[in-house]
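K.L.:
Sequence and predicted structure are below.
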Amino acid sequence: MKIGVQSIHFNADSKLLDFIQKKANKLDQFFDQIISGEVYLKLENVDNEANKISEIKLIVPGGTLFAKEQCKSFEEATDLAIESLRKQITKHKDKTRAKLSEHKAILSESEVSDF
């Protein structure tokens with residue numbers, strides 16, 4: 001899966017980029033039809049420590065999945081966003097399979113009625 005990473009208001013080091021790519025590649029285990037993904041890493045100018053935001057957008061057939069997390073570190077925010085996307089992928093797959101099985105049921109009924 002192709003992942004584009006954009007860091008806003010700072011320069012991301014290669015360790016962070018490798019970590020994000022490794023975590024995003026694990027999503028292929030749950031859904032192998034992911035077309036591409038974008039990761040936006042933002043540093044907010046606030047007083048508290050949890051000023052690092054990770055936004056992940058995945059393009060899948062039939063829609064777009066999005067997760068945004070804010071934590072003390074980019075690694076933690078990315079972990080939480082990936083976990084949220086994993087849940088969204090599972091839900092998306094269930095909906096897609098339900099629609100497909102409905103179509104198959106309709107087709108099989110029409111074939112039976114033709115005879």
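P.N.:
Yes, it's here.
K.L.:
who's in contact with residue 72?
P.N.:
49, 50, 52 (C-beta atoms under 8 Å, 6 or more residues apart in numbering). Just so you know, the C-beta spots here come from the backbone N, C-alpha and C atoms, and that holds for glycine as well.
K.L.:
tell me what the helix ranked longest in the chain is packed against?
P.N.:
Longest helix in the chain, counting residues (DSSP state H): helix 74-114. Counting contacts by 3 or more C-beta pairs under 8 Å, 6 or more residues apart in numbering; DSSP states H and E, helix 74-114 is packed against helix 14-25, strand 52-60, strand 63-71.
K.L.:
In CSV, could you pull the C-alpha coordinates for the longest one?
P.N.:
The C-alpha coordinates for helix 14-25 follow below in CSV (Å, rounded to 0.1, in the frame of the first residue of the first chain):
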residue,chain,number,x,y,z
SER,A,14,13.2,8.8,9.0
LYS,A,15,12.5,6.7,12.2
LEU,A,16,9.1,8.2,12.5
LEU,A,17,8.3,7.7,8.8
ASP,A,18,9.4,4.1,9.0
PHE,A,19,7.3,3.5,12.1
ILE,A,20,4.2,5.0,10.3
GLN,A,21,4.8,2.9,7.2
LYS,A,22,5.2,-0.3,9.2
LYS,A,23,2.0,0.3,11.2
ALA,A,24,0.0,1.2,8.0
ASN,A,25,1.2,-1.9,6.3
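K.L.:
which helices and strands sit right next to that helix?
P.N.:
strand 2-8, strand 36-43, helix 74-114.
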